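[1] Take a look and give me a structure for this.
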Amino acid sequence: MRTWIEAGGQPEYHRLCASILALARAAIGRLAGRDGETSASPSARPRLSEAKFAERSDELRTAWIAAEQLVPGGGPLGRLDRILRSSASFVEPMLLALAAAPALDRGVALGYARLDREPLTAGLLLDLASATEANRLALCGALHPDAALRRSGVLLAGGPDGAAATAADTRLAVAPPVLSVLRCEPVPLPRGVEELSPVPVAGAALRVLGALGVSPVRAGDLVAIAGGAAHHDAHVEALARLLAGADGAQVWRLRLDDHAEPDWAGVARDAALANAICLVTADTGGAWTRRLRWAVERSLRSAICSFVIAPPHELAPVVDLAVVRERAALDRVQALADEPITADLVARLR
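    Predicted coordinates for the structure are as follows:
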């Protein structure tokens, strides 16, 4: 079920976007050597511009926290925050805000263009973020390919060598689903992905998985389901929804045989923002399983693969549907399913 908070009725998200744009305008004014909001003498303007930027940074942090608190657990914005933050500092959200601002407002985009005729580059982003050379050099670490902003796919590096170390002329862009989160819109489903819902309550799902002898998924796991023949598709779906429910997540299903291989890093990022676990169904494995595994391990997200033929030997853990049905006394398991959705999913495993 696709749900989201209507931004029109949520002033907290209006304030968040307004704070992002205000921070960007303060950064433009500071970098341009002027403070458009004051008529003070030129000698006082650098100091006033720096104070204005610091004030706008504090306002952004306050607005961000207020928007997170609208939903228990923070909702998509809270998940974005957990993906981004590598410490208690607000460095990554501040850099993200400055990078996202031109995509949120044309006036800011024109202001950036007056400073640098190219699309947004790492050099311009760092110049906007700090007026001090030492600080800019320190902030550059946040743009490293293995740092949270880039590793998560929230901030995309352009060019043929997007994974290379960041240079001043490296082109940067914010992933479109991240802009949706900042605007309080639903995370778009990637092409070819189907959302399976609802999922059971976490406690009920955990009890049933324990009785079935199936371990819950952990962060960074790529779980393989064996025995997922076409006529067992309902069994695969039921088990995937139990696994996702135990983690409090939704299920995104992608039938790989019906669609071209997607950008796994992007799918993992979007699933993390939407609080979903990917279920990929295919006849057999191949090079794509290694690429998916790399994306899952890198993002510390979970995914499930179902194969008609035996799964690749390098995938673990493996859940064999036939073994699950043989071992489990489903009548006894059914008694543990004290919640309607869980009971329905257990019945589908028969």
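
[2] Show me what counts as buried in the host helix or strand of Ala113.
    Ala113 belongs to helix 106-115 when assigned by DSSP states H and E. For helix 106-115, burial by neighbour count (16 or more other Cβ atoms under 10 Å) applies to Val108, Gly111, Tyr112. Backbone N, C-alpha and C define where each C-beta goes, glycine included.

[3] Going along the chain from the strand or helix carrying Arg253, find the next helix or strand for me.
    Arg253 is part of strand 250-255, with elements assigned from DSSP H and E. Per DSSP H and E, strand 250-255 leads on to helix 264-274 as the next helix or strand towards the C-terminus.

[4] neighbouring contacts of the helix or strand where Ala205 lies?
    Ala205 is part of helix 202-212, with elements assigned from DSSP H and E. In this structure, residues lying in contact with helix 202-212 by Cβ atoms under 8 Å, 6 or more residues apart in numbering are 199-200, 215-216, 242-243, 245-248, 324, 327-328, 332-333, 336-339, 341-342, 345-346, 349.

[5] Whichever of those end up buried, select them in PyMOL.
    Of those, the buried ones can be selected in PyMOL as follows, counting by 16+ other Cβ under 10 Å:
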select buried, resi 199+200+216+242+243+245+246+247+324+328+333+336+337+339+341+342+345+346+349
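
[6] which ones among the contacts of helix 202-212 are found in helices?
    Those of those mapping onto helices are 242-243, 245-246, 324, 327, 332-333, 336, 341-342, 345-346, per DSSP state H.

[7] Note down every partner strand of the helix or strand just after the helix holding Ala205 and its orientation.
    Next helix or strand after helix 202-212 toward the C-terminus (DSSP H and E): strand 222-226. Sheet pairing here is set by DSSP bridges, and for strand 222-226 it gives strand 303-307 (parallel), strand 318-320 (parallel).

[8] where does the stretch 51-200 of the chain have low pLDDT?
    For the stretch 51-200 of the chain, applying pLDDT under 70 flags the ranges 159-165.

[9] for it, what spans make up the strands?
    155-157, 172-174, 193-196 (DSSP state E, counting those that start in this stretch).

[10] picking that back up, the strands paired with strand 222-226: lowest mean pLDDT?
    Note on the strands paired with strand 222-226: lowest mean pLDDT is at strand 318-320, with a mean of 81.

[11] For that strand, buried residues please.
    So for strand 318-320, counting by 16+ other Cβ under 10 Å, buried means Val318, Val319.

[12] how far out from the middle of the chain is it?
    Distance, stretch centre to chain centre, for strand 318-320: 27 Å (Cα atoms, centre = their mean, to the nearest Å).

[13] got it, and stretch 263-275?
    5 Å.

[14] Tell me which residues are up against it.
    With contact meaning Cβ under 8 Å, 6+ apart, stretch 263-275 is reached by 76, 79-80, 83, 152-154, 175, 177-178, 181, 186-188, 190, 193, 248-250, 252, 254, 277-278, 288, 291-292, 294-296, 298-299, 301, 303.

[15] buried sites along it?
    So stretch 263-275, judged by 16+ other Cβ under 10 Å, has buried residues Trp264, Ala265, Gly266, Val267, Ala268, Arg269, Asp270, Ala271, Ala272, Leu273, Ala274, Asn275.

[16] Kindly reformat the residues you listed as a markdown table containing distance to Phe90 and pLDDT.
    Listed next are the buried residues of stretch 263-275 as a markdown table, based on distance: Cβ to Cβ, whole Å; pLDDT from 0 to 100:
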| residue | distance to Phe90 | pLDDT |
| --- | --- | --- |
| Trp264 | 30 | 89 |
| Ala265 | 25 | 90 |
| Gly266 | 26 | 91 |
| Val267 | 28 | 92 |
| Ala268 | 25 | 91 |
| Arg269 | 21 | 91 |
| Asp270 | 24 | 93 |
| Ala271 | 25 | 92 |
| Ala272 | 20 | 90 |
| Leu273 | 19 | 92 |
| Ala274 | 24 | 91 |
| Asn275 | 23 | 90 |
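
[17] returning to that earlier point: for the helix holding Ala113, which helices and strands make contact with it?
    Using 3 or more Cβ pairs under 8 Å, 6 or more residues apart in numbering; DSSP states H and E, the elements in contact with helix 106-115 are helix 11-31, helix 91-104, helix 122-129.

[18] Just send these back as JSON lines, with distance to Ile225 and mean neighbour count too.
    JSON lines is the format used below for those (distance: least, Cβ to Cβ, whole Å; neighbours: other Cβ atoms under 10 Å):
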{"stretch": "helix 11-31", "distance to Ile225": "38", "mean neighbour count": "21"}
{"stretch": "helix 91-104", "distance to Ile225": "35", "mean neighbour count": "23"}
{"stretch": "helix 122-129", "distance to Ile225": "41", "mean neighbour count": "22"}
